[in-house]
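*Asks:* what follows is a predicted structure for the sequence shown.
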Amino acid sequence: MKFPNYEGDESEAEKLAMFTTAELNSQKIGLRILSRKNNTGVWREKAEIILTNAGRKSYFDLLWVFN
């Protein structure tokens with residue numbers, strides 16, 4: 001991730017905006033989960049997860065729903 005350069009006199013809102021801009025300009029890794037019935041037919045998207053190297057821990061729940 002590209003880390004923002006802080007001058008030291010930024011407000012918390014300005015720091016958050018700089019951090020968010022750096023996240024948006026950093027590389028991302030995506031994971032798309034697809035399924036299809038009886039292993040035939042068209043693939044249908046079940047979920048898509050985009051991961052960023054944010055330099056901090058992020059937790060999320062991954063719920064798998066079977067049809």
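*Replies:* Right, received. Where do you want to start?

*Asks:* OK, contacts around the nearest residue to Lys46 once chain neighbours are set aside?
*Replies:* Sequence neighbours aside, Ile33 is the residue nearest to Lys46 in space, at 4.5 Å (criterion: Cβ to Cβ, 6 or more residues apart in numbering). Where C-beta positions appear, they are placed from N, C-alpha and C, glycine not excepted. Residues in contact with Ile33, defined by Cβ atoms under 8 Å, 6 or more residues apart in numbering, are 45-49, 64.

*Asks:* just the closest of those residues to Met18, please.
*Replies:* Closest approach between the contacts of Ile33 and Met18, by Cβ to Cβ: Ile49, at 25.3 Å.

*Asks:* ok, now which ones touch the nearest residue to that closest one once chain neighbours are set aside?
*Replies:* Excluding the flanking residues, the one nearest Ile49 by Cβ to Cβ, 6+ apart is Leu31, at 4.6 Å. Contact analysis of Leu31 by Cβ under 8 Å, 6+ apart lists 48-49, 51.

*Asks:* please identify the helix or strand for Leu31.
*Replies:* Secondary-structure assignment from DSSP states H and E places Leu31 in strand 28-35.

*Asks:* could you point out the helix or strand that follows that strand?
*Replies:* Sequence order places strand 44-52 as the next helix or strand after strand 28-35, per DSSP H and E.
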